[in-house]
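Participant: I would like the atomic coordinates for the input below:
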Amino acid sequence: MKIVSGTEIPPLIIGDSAYPLLKWLVNQYPNRGHLPPDGKDFNKKLSAARSVVERAFGMLKGRCRLLLKKVEQQPRTLSKTVLAACILHNICIDHGDLYDCSERNSDDSASEDDYAGPLPEGCTEIREALKNFVWDNL
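Facilitator: The predicted model follows:
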């Protein structure tokens with residue numbers, strides 16, 4: 001774990017505004033018309049990072065169509081199937097076999113509605129520390 005601005009930052013998952021802000025799941029600041037510049041920059045950087053991951057998953061799902069639907073396997077074997085798909089996908093990339101997901105019709109579009117549920121204690125401090133770190137290191 002890393003200490004940023006006096007706050008311990010745990011390993012994080014980046015989510016969009018459809019997900020709640022949690023200690024391990026960071027999302028953007030809600031923009032209701034009066035977001036300061038550092039919050040806007042943080043949202044931009046977080047969105048850019050999230051889009052890289054979304055494109056990677058899109059390519060993986062395009063190449064391994066099995067991952068597009070419910071898979072009837074035990075969790076133990078399903079995790080091995082997904083891991084094998086990731087390994088094969090990386091081998092294809094290493095050998096120059098790139099999958100173009102731009103032609104794929106996506107039903108994965110996440111809602112842009114902000115999560116409106118209660119926030120667990122400590123998660124806003126983690127996002128604030130991460131935002132300050134991004135802002136200070138532009």
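Participant: which other helices and strands contact the lengthiest helix in the chain?
Facilitator: Looking across the chain with DSSP state H, the single longest helix is helix 37-63. The contact analysis (3 or more C-beta pairs under 8 Å, 6 or more residues apart in numbering; DSSP states H and E) places helix 37-63 against strand 13-14, helix 75-94, helix 123-136. (C-beta placed from N, C-alpha, C; glycine too.)
Participant: can you tell me how far the closest residue to residue 35 other than its chain neighbours sits from residue 135?
Facilitator: Take residue 35 and drop its neighbours on the chain: the residue closest to it by C-beta to C-beta, 6 or more residues apart in numbering is residue 29, 5.8 Å away. For residue 29, the distance to residue 135 (C-beta to C-beta, to the nearest Å) stands at 12 Å.
Participant: Equivalent analysis for residue 11, please.
Facilitator: From residue 11 to residue 135 the distance is 21 Å (C-beta to C-beta).
Participant: what about the two, which has more around it?
Facilitator: Higher neighbour count among residue 11 and residue 135: residue 135, with 15 against 7, using other C-beta atoms under 10 Å.
Participant: quick revisit: could you verify that the residue nearest to residue 35 is part of a strand?
Facilitator: No - with DSSP: H, G, I helix; E, B strand; the rest coil as the criterion, residue 29 is coil rather than part of a strand.
Participant: Show me where the protein dips below the pLDDT cut-off.
Facilitator: Applying pLDDT under 70 to the chain flags the ranges 1-5, 99-120, 138.
Participant: mind running it again at 50?
Facilitator: 104-113 (pLDDT under 50).
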